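Participant: make a model of this:
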Amino acid sequence: MRRNLAARIGVWSAHHRKTAILGWLLFVVLAAGIGGASGMVEMTDAENAAGDSARAEQILSDAGLAHRAGELVMVSSAEPDGWKAAARELATAVENTGEVTGLTDPVVSEDREDALLVFEMKGDPDTAADRVQPVLDAVAGVQEKHSGVTVRQFGDASAGKWLGDLLSDDFKKAEFTAVPLALGILLVAFGAVVAALLPVGLALTACMAAFGLLSLASHQLHLFQTTYSVMFLMGFAVGVDYCLFYLRRERDERAAGRDAETALRIAAATSGRAVLVSGLTVMVAMAGMFLSGLMLFKGFALATITVVFIAMLGSVTVLPALLSWLGDRIDAGRVPLLNRRGKRGRKQSGGFAGRVLRPVLNRPKLFAAGSAAVLLVLAAPAVGMKTESLGLEKQFGSDSALSVAYRQISETFPGGPAPAQVVVEADDITAPAVREALAGFDDVTVHRARNVAEFEVPLPGGEQGLADLREDRLPAAFDGTGARAYVTGEVATSVDFNDQLKRGIAPVFLFITAVTFLLMLFCFRSYVIAVTSIVLNLLSVGAAYGVMTAVFQHGWGAGLIGSEGVGAVESWMPLFVLVVLFGLSMDYHVFVVSRIREARGRGLATRPAIDEGIRATAGAVTGAAVIMVAVFSVFATLSMQDMQQMGVGLAVAVLLDATVVRMVLLPSVMALLGERNWRTPRGLGRLPGLDHSEPEPVAVAAAPVAPGTR
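Facilitator: Sure, this is the predicted structure:
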């Protein structure tokens, strides 16, 4: 019988298991070692920006005029001028660190109860966070000596230090929580220690190799600082899921009485094939992020494609080799009361699924309408979704010292922490017309050799203030002078980033829907299944958007996860969640529909095939979903607001996808469509087929497996 690609790979791995296992280990060690030695290169401010703000940052970078890391320290007292002694001591203390420059006289508030000290960190701003600790210690020392005043600090270096420490702690928390959690779930699912350790071990080694390769790639495509966290989130969840699908099918076949070689071949031909199709679909969907026009998403795309490819590769190569080597020892370390499979095997699978399916298939119209309504209700808050690039003060939570400092400084000295920076470029920056225009602004720094000038403008009106500056003040000042003025800064960067996202989301959406349609069409030879796949995915994404908006924009239930509403969703989150969920949903969809098509290929009518396919995959899908939801939920408990949003969005979507969509909506819709599910477009029937049917239960020559039979 002709074997598909996954079956051929699986049989080869079983024949050459030593080569497959040692080759995998060598690959992981080399990739992790070389990549770790090379280090990761983070993107610059110009690379992470868009539009006018990106142009402004690039002009400064090309001219060698990188921003110094600015710091603000506000000293407050209960009485007017009560801050003076502390301010004098503070100025002396920070200057004595030898790390600061440009310290100005204090800016005093109208009621004279607050004073603001402004200074900059010396040296490379990219390393300022690594050198700011002496300054933080100096500020803290003044606060300790003066109990009658309050000292608050906010700036590029102090916030960067805080962020770096937080990301390091959060990543460790995610890693040390997600791995034991997944291991515990797998232990319950399989009831054996070795069977539980196998998917976790393969997923972790896939992540290690991907980390190394990504570090190497970052020297060409610079990365955002959270990219590693995103990679681990995706890689670990997907890696465990792929192994789980494969391992579950092999164990089901063994429990059904197949010999070891035949069980492994069947698992390779069916679940292995589903893993290849799912992995390819995920990678192609992730490639859509390259069309966003933003380097942030290009880095995310590269990271997720890399880790998914490696996880997929490990699942179809080294996993069958390990299964062939372990044989029945895969059940070593059985846990009492958990290992209940025995001879009943598949008869026991899908019990709960069967109880759910019976009414669904009996009344498909009711359940299709009801489940769709549930998803639409959950999606409703997304209609009012607002996005913005969340500043560090929102990322850390309103009660953090950094956020309190930012808020107090902003309220007392409007525009202080987040002024607009204007960069003016001209053929001759000293031309009379340009000089006259620059004279209308305060504190202008002119770089004659570079024909560049820069100055700051407070933005107490936020986005409206930025619009007035760009549309009125700057054109009025520089039109006709030959100079070109660009605005950057926190507000400008957020606005420009959002504008680029709005322009980029349409081509990304069209790409992933078109490619998903074509992949499903080729895989299942049915345009009905292809369209159904896209519609179901959109419902899952819409529900995730709605929950994210409700929790993080409006604050509904945010306290339950230790978070809070910040009035907006992180600007990069909707596009990222769209792409990731389109890819991840294919894991379950391909796995379930392949099993339905497999039953259909053996001659069953559509409804019995749906019943058998859902029942047979219920255990694997449930286990995979529980693991994904658990891993994503870990990220929902981290400190950063964007990590919380990503964790909640993906966890909710996967939970809904594995329950409401796969257990209710999918079978009810397929039952309503009946034989129309399998309509093949003209011409597609002549293409090479992707076999969905289960191989005949005959043994083939394969590498000997470990002794012991069931």
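Participant: tell me the SS of the spatially closest residue to Gly555 that is not a sequence neighbour?
Facilitator: For Gly555, ignoring the flanking residues on the chain, the nearest one in space by Cβ to Cβ, 6 or more residues apart in numbering is Gly565 at 2.4 Å. No exception for glycine: its C-beta is placed from N, CA and C like everyone else's. For Gly565, the assignment made with DSSP: H, G, I helix; E, B strand; the rest coil gives coil.
Participant: do the same with Val73
Facilitator: Val73 ends up strand, using three-state DSSP.
Participant: run through the residues that contact it.
Facilitator: Leu90, Val94, Leu116, Leu117, Phe119, Val139, Val151, Arg152, Gln153 (Cβ atoms under 8 Å, 6 or more residues apart in numbering).
Participant: picking up where we left off before, so the residue nearest to Gly555 makes contact with Gly557?
Facilitator: No. With contact defined as Cβ atoms under 8 Å, Gly565 does not count as touching Gly557 (9.5 Å).
Participant: residues shared between the contacts of those two?
Facilitator: Contact with both Gly565 and Gly557 is made by residues Val551, according to Cβ under 8 Å, 6+ apart.
Participant: more neighbours, these two?
Facilitator: Shown here are Gly565 and Gly557; by other Cβ atoms under 10 Å, Gly565 has more neighbours (17 against 13).
Participant: please report the distance of the more buried one from Ser633.
Facilitator: 19 Å (Cβ to Cβ, to the nearest Å).
Participant: over to Leu510?
Facilitator: Taken as Cβ to Cβ, the span from Leu510 to Ser633 is 32 Å.
Participant: now do the helices in the stretch 451-600 of the chain.
Facilitator: Here the stretch 451-600 of the chain has its helices, by DSSP state H, counting those that start in this stretch, at 463-468, 474-478, 490-524, 527-548, 573-601.
Participant: dump the ones you listed to TSV, plus mean pLDDT, distance to Asn451 and mean neighbour count.
Facilitator: Formatted as TSV, the helices of the stretch 451-600 of the chain follow (pLDDT from 0 to 100; distance: least, Cβ to Cβ, whole Å; neighbours: other Cβ atoms under 10 Å):
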stretch	mean pLDDT	distance to Asn451	mean neighbour count
helix 463-468	85	25	15
helix 474-478	91	14	17
helix 490-524	86	22	19
helix 527-548	91	46	22
helix 573-601	84	37	25
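Participant: of all the ones you listed, which one is nearest Gly327?
Facilitator: helix 573-601 (25.0 Å; Cβ to Cβ).
Participant: next structured bit after the closest one?
Facilitator: helix 606-636 (DSSP states H and E).
Participant: which residue lies nearest the spatial centre of this structure?
Facilitator: The centroid of the chain falls nearest to Val230 when counting by Cα atoms, centre = their mean (4.2 Å).
Participant: for Val142, which non-adjacent residue is spatially closest?
Facilitator: Leu90 (4.6 Å).
Participant: please apply the same query to Leu65.
Facilitator: His447 (6.1 Å).
Participant: what's the burial count for that neighbour?
Facilitator: Around His447 there are 14 residues (other Cβ under 10 Å).
Participant: next: the one 10 residues further on.
Facilitator: When neighbours are counted by other Cβ under 10 Å, Val457 registers 19.
Participant: tell me where the stretch 101-250 of the chain has strands.
Facilitator: Counting by DSSP state E, counting those that start in this stretch, the stretch 101-250 of the chain has strands at residues 107-108, 114-121, 149-155.
Participant: and those strands as a markdown table, adding mean pLDDT?
Facilitator: Output for the strands of the stretch 101-250 of the chain, formatted as a markdown table (pLDDT from 0 to 100):
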| stretch | mean pLDDT |
| --- | --- |
| strand 107-108 | 88 |
| strand 114-121 | 90 |
| strand 149-155 | 90 |
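Participant: what's the separation between the residue lying closest to Arg112 once chain neighbours are set aside and Glu490?
Facilitator: Nearest non-adjacent residue to Arg112, counting by Cβ to Cβ, 6+ apart: Pro80, 3.9 Å away. Look at Pro80 and Glu490: by Cβ to Cβ, they are 31 Å apart.
Participant: ditto for Asp137
Facilitator: 26 Å.
Participant: ditto for Arg248
Facilitator: Separation of Arg248 from Glu490 (Cβ to Cβ): 49 Å.
Participant: now do Ala157
Facilitator: Relative to Glu490, and taking Cβ to Cβ, Ala157 is found at 15 Å.
Participant: now the helices for the stretch 101-250 of the chain?
Facilitator: Secondary structure of the stretch 101-250 of the chain (DSSP H, counting those that start in this stretch): helices at 128-131, 133-145, 156-190, 193-217, 227-255.
Participant: looking at those helices, which is buried most?
Facilitator: helix 227-255 (a mean of 26; mean count of other Cβ atoms under 10 Å).
Participant: what packs against the helix or strand where Leu357 lies?
Facilitator: Counting by DSSP H and E, the element that carries Leu357 is helix 351-362. Here helix 351-362 touches helix 606-636, helix 666-673, going by 3 or more Cβ pairs under 8 Å, 6 or more residues apart in numbering; DSSP states H and E.
Participant: quick check: next helix or strand after the lowest-mean-pLDDT helix or strand in the chain?
Facilitator: Taking mean pLDDT, DSSP states H and E as the measure, the chain has helix 392-395 as its least confident helix or strand, at a mean of 76. Later in the chain than helix 392-395, the nearest helix or strand by DSSP H and E is helix 401-412.
Participant: packing partners of that following helix?
Facilitator: Using 3+ Cβ pairs under 8 Å, 6+ apart: helix 401-412 touches strand 70-77, strand 114-121, strand 149-155, helix 156-190, helix 392-395.
Participant: chain center to the shortest one, what's the gap?
Facilitator: The offset between the C-alpha centroid of helix 392-395 and the centroid of the whole chain comes to 18 Å, using Cα atoms, centre = their mean, to the nearest Å.
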